[in-house]
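Peer 1: what follows is a predicted protein model with its sequence.
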Amino acid sequence: MRFAAYALVGVACWTVSGPAIPAVAMLARAEQMRPSVLSHGRSDRSLELTTGGGAILDDAPEWRASLAQAMRGRHGTAVVLDRDTGRILAVENPQAAMRMAVAPGSTIKPLTLWALLNAGLIHDGDTLACPRELRIGSHDMACSHPALAQTVTLQSAIAYSCNNFVARNAARFKPGQLGEFLRKQGLAQARGASTVEQIELQALGEEAVRATPLELARAYARLSKHAPKSIIEGLQAATQYGTARLANIEGLAGKTGTADGRAWFVGFTPEVVVAVVLPGSSGGADAAPVAKQILAPGGVWVRVGADPVQYLTTEEYVAAALAGECNDFRSDEALKAMAVTIRTCAARFRGRHHKEGFDFCGTTHCQALRLGAVTDRERAAAEATAGELLWHEGKIAAAYYSQNCGGATEAAVNVWPDAAEPYLPGHEDSYCTRNGRLKWSLPVGRSELRDALRRSGLRAPPTIDRVEVTRQSPSGRAVMVMLSGHGESRFVTASSLRFAVGRSLGWNRIRSMFFNVRRDGEQFIFEGYGAGHGVGLCQNGADEMGVTGKNYHEILAFYYPGTAIGQSARGFNWRHLEGERVELMTTEPQRDQHLTQTADSALLQAERLTGMQSRLRPLVRIYPTVSAFRDSTGESGAVAGDERGRVIRLQPNPSAQTMLHEMLHFVLEQNAAANAPRWLREGLVAYLAGDERVPPEVSGDVRKYGRTAMLAWITRGAPPSGL
Ligand SMILES: [Zn+2]
Ligand SMILES: [Zn+2]
Ligand SMILES: [Zn+2]
């Protein structure tokens, strides 16, 4: 059991408030409130379900808003349930949610495997070498996962949706046995399959079973509380790296499925259960990212290379763009300045690829993204500035930036006349030239240049004798160029000349507009400074500013004079407090001042309890409200805090106990072997922190093997089998 006893959600810890009433009793109560009357609410398309006892649609406007936003224009059906009570928090397309009984496809697999475990027909630790090919009668049911290096386990069968593992084991069911189990979990339309072929197809959600989105959501609520740990681990693995990985948010475990032209995702957090079904050809590509958006609203849709369009939270986007645009930065403050700049661009230019069905591409056309290569340092820069945007007179700024200004930034008006903004002036940048100016040169043959110009439709003399920059912007960048030869002179704009050369000889050969041209025999030599358009923030200068000790506020004020760093709709005014070994961020420095000391001593105590050292300086962020914590972290409000890399995020007024719990994770995670199991890490932290809820198997093991031995399993990995 994962959530009922204790959280195994990454390192998100469910320590604040569990269900006060035992889950089983709650569920029984929810079941008594089955709807008897159904009516269609007109204003919010929400469902009014009444029973003898009253409405079971909770008033949850936040959930309704994020559900409506994520489902807009998708012609799909979705439902969000309170995981503990089974109450409907929000629903899209209520008639279908209640009545559309369709093949559940692979979303049935965790239920099938639960039935097999329950009946003693399989055991944790069973494996199968998957041949991938599979025919059941006339059906081609080959696995869609790639060839796997290892044999398939129960967990990886769920994570990768292995048809062979499920179907072969399901062949052991007696006729009618699986159908009966499924009906008991609330799938009323599961039939009693009798032949092996039928049973196998039922086990894969193809035949002999139909379910409405609401029924499946309820079945998953039950599963989340009562299924064995291995099933829950499989569902966590599915969202972390398996077929549901486009729904990769902290705390969400779930499964995708595809059947009859419909794409499914069903999953749960400690707080809610979500079921999404859309017209589509892949649960993983189509439904999973929509579920992610429902749970973590406010992010952006991106397309990176040939990957399917996917949804990123704002801070995931910022971190991925830092990895794409700033991976050679030396200064952390400059990285923070870029985090604010990138986030501001994302907010201002969102929907740039609207017509293609997403917000941003992953190249420098928008902002370069390297999703798989984000470092802790980049994640920390995003986190340290979370929610912060650049504003000018109540509007989000157009925060252009470029690689190297060559010693003077360019006014936007000289590059894009309709993008003139007072906060984008041209000015000298002595930081940029502190270690010398970036110089480049490009030789272009005389006839090569003429051909390039002609190919772009520019009129050039038949032979070019001279090329001269005849007009410059105040910063010194070329504006107009004269080409002379054969007794005639032609003028072309410097930007169209750069475009023509780029098209013929390769983009970015003329690296900036900061150039002059001289002739050398049969060649023209373009010689210039800097790289990029030079408008707004200069990445090279910003990094130098950081290296010389300027903070990110000073860097942004230098490059975007007159703007203010403000907060997004749900942002806050963060202040930094320094402890001895910790950094603390809060919106209420008065209230939280004392917490730097709490954090410092918790870190010390965590090191003492584990006998391990922290190499990092933790950044502890205290959110002003529970809902702010939930919105910003994507964690359930029932999670007291979480810890990722250097950053520890906490709800307001954390107890010393919570602080110790998170610091134990912080120290342990730095020292943990890659294969140290989550349940052990979480369980041992709960034990060491003296939490109320320590999983019995962990306290049992501590008594049996001793604390030191168990800590060694974490640092060296691979605990003995059977654990
Ligand atoms: Zn397989
Ligand atoms: Zn783009
Ligand atoms: Zn510069």
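Peer 2: Structure's in. What do you need? Ligands and ions are numbered 1, 2, ... in the order given.
Peer 1: after the helix or strand harbouring Ala382, heading C-terminal, what element do we hit next?
Peer 2: Take DSSP states H and E as the rule and Ala382 turns out to sit in helix 376-384. Sequence order places strand 388-392 as the next helix or strand after helix 376-384, per DSSP H and E.
Peer 1: for that following strand, name the packing helices and strands.
Peer 2: helix 332-349, strand 564-567 (3 or more CB pairs under 8 Å, 6 or more residues apart in numbering; DSSP states H and E). (Glycine included, C-beta is placed from N, CA and C.)
Peer 1: which residues of the protein lie near ligand 2?
Peer 2: 361, 365-366 (CB under 5 Å from the ion).
Peer 1: most neighbours among those, which one?
Peer 2: The most crowded member of the residues of the chain next to ligand 2, judged by other CB atoms under 10 Å, is Cys366 (20 neighbours).
Peer 1: for the residue nearest to that one when sequence neighbours are not counted, name its beta-bridge partners.
Peer 2: Leaving out its chain neighbours, the residue that sits closest to Cys366 by CB to CB, 6 or more residues apart in numbering is Phe360, at 4.1 Å. Beta bridges link Phe360 to Val302, judged by DSSP bridges.
Peer 1: if I look at Phe360, how far off is ligand 1?
Peer 2: Going from Phe360 to ligand 1 by CB to the ion, to the nearest Å gives 35 Å.
Peer 1: cool, Asp328 as well?
Peer 2: 42 Å.
Peer 1: same check, this time on Glu215
Peer 2: Applying CB to the ion to Glu215 and ligand 1 gives a distance of 27 Å.
Peer 1: do the same with Pro289
Peer 2: For Pro289, the distance to ligand 1 (CB to the ion) stands at 24 Å.
Peer 1: what number of residues lie near the closest residue to Ile136 other than its chain neighbours?
Peer 2: Sequence neighbours aside, Glu200 is the residue nearest to Ile136 in space, at 5.0 Å (criterion: CB to CB, 6+ apart). Counted with other CB under 10 Å, residues neighbouring Glu200 total 27.
Peer 1: burial measure for Thr658, as a count.
Peer 2: The number of residues packed near Thr658 is 22, by other CB under 10 Å.
Peer 1: hang on, it in a helix?
Peer 2: Yes: assessed by DSSP: H, G, I helix; E, B strand; the rest coil, Thr658 belongs to a helix.
Peer 1: now do it, the pLDDT please.
Peer 2: You'll see Thr658 listed with a pLDDT of 90.
Peer 1: again with Arg454
Peer 2: 93.
Peer 1: one more: Gln613?
Peer 2: pLDDT for Gln613: 92.
Peer 1: grab the nearest non-local neighbour of it.
Peer 2: Glu607 (6.0 Å).
Peer 1: what's near enough to touch the residue in the chain sticking out farthest from the centre?
Peer 2: What lies farthest from the middle of the chain is Gly487; by CA atoms, centre = their mean that is 61.5 Å. Residues counted as contacts of Gly487 (CB atoms under 8 Å, 6 or more residues apart in numbering): none.
Peer 1: just use 428 as the starting number from now, easier for me
Peer 2: With 428 as the first residue, the last one maps to Gly914.
Peer 1: ok, it to Arg881 distance?
Peer 2: Distance of Gly914 to Arg881, given as CB to CB, to the nearest Å: 18 Å.
Peer 1: how about the contacts made by Gly688?
Peer 2: When contacts are counted by CB under 8 Å, 6+ apart, Gly688 touches 706-708.
Peer 1: thinking again about what came up before, nearest to ligand 3, out of the helices and strands packed on strand 815-819?
Peer 2: With CB to the ion as the measure, helix 759-776 is the member of the helices and strands packed on strand 815-819 nearest ligand 3 (11.9 Å).
Peer 1: okay, buried residues for that closest one please.
Peer 2: Neighbour-count burial for helix 759-776, counted by 16 or more other CB atoms under 10 Å, picks out 759-776.
Peer 1: cool, stretch 859-879 as well?
Peer 2: 859-860, 865, 867, 869, 871, 873, 875-877, 879.
Peer 1: looking at the residues you listed, which is nearest Arg510?
Peer 2: Lowest distance from Arg510 to the buried residues of stretch 859-879 (CB to CB) belongs to Cys859, with 53.5 Å.
Peer 1: against ligand 2, how distant is Arg804?
Peer 2: On the measure of CB to the ion, Arg804 and ligand 2 end up 26 Å apart.
Peer 1: meant to ask about Glu820, not that
Peer 2: Counting by CB to the ion, the gap from Glu820 to ligand 2 is 27 Å.
Peer 1: excluding chain neighbours, what is closest to Met940?
Peer 2: Nearest residue to Met940, sequence neighbours excluded (CB to CB, 6+ apart): Arg904, at 4.1 Å.
Peer 1: now do Ala487
Peer 2: Per CB to CB, 6+ apart, closest to Ala487 is Leu516, 4.0 Å.
Peer 1: now the strands for the stretch 878-1027 of the chain?
Peer 2: Ranges of strands within the stretch 878-1027 of the chain are 893-899, 905-912, 915-920, 942-947, 950-956, 964-965, 991-994, 1002-1005, 1010-1013, based on DSSP state E, counting those that start in this stretch.
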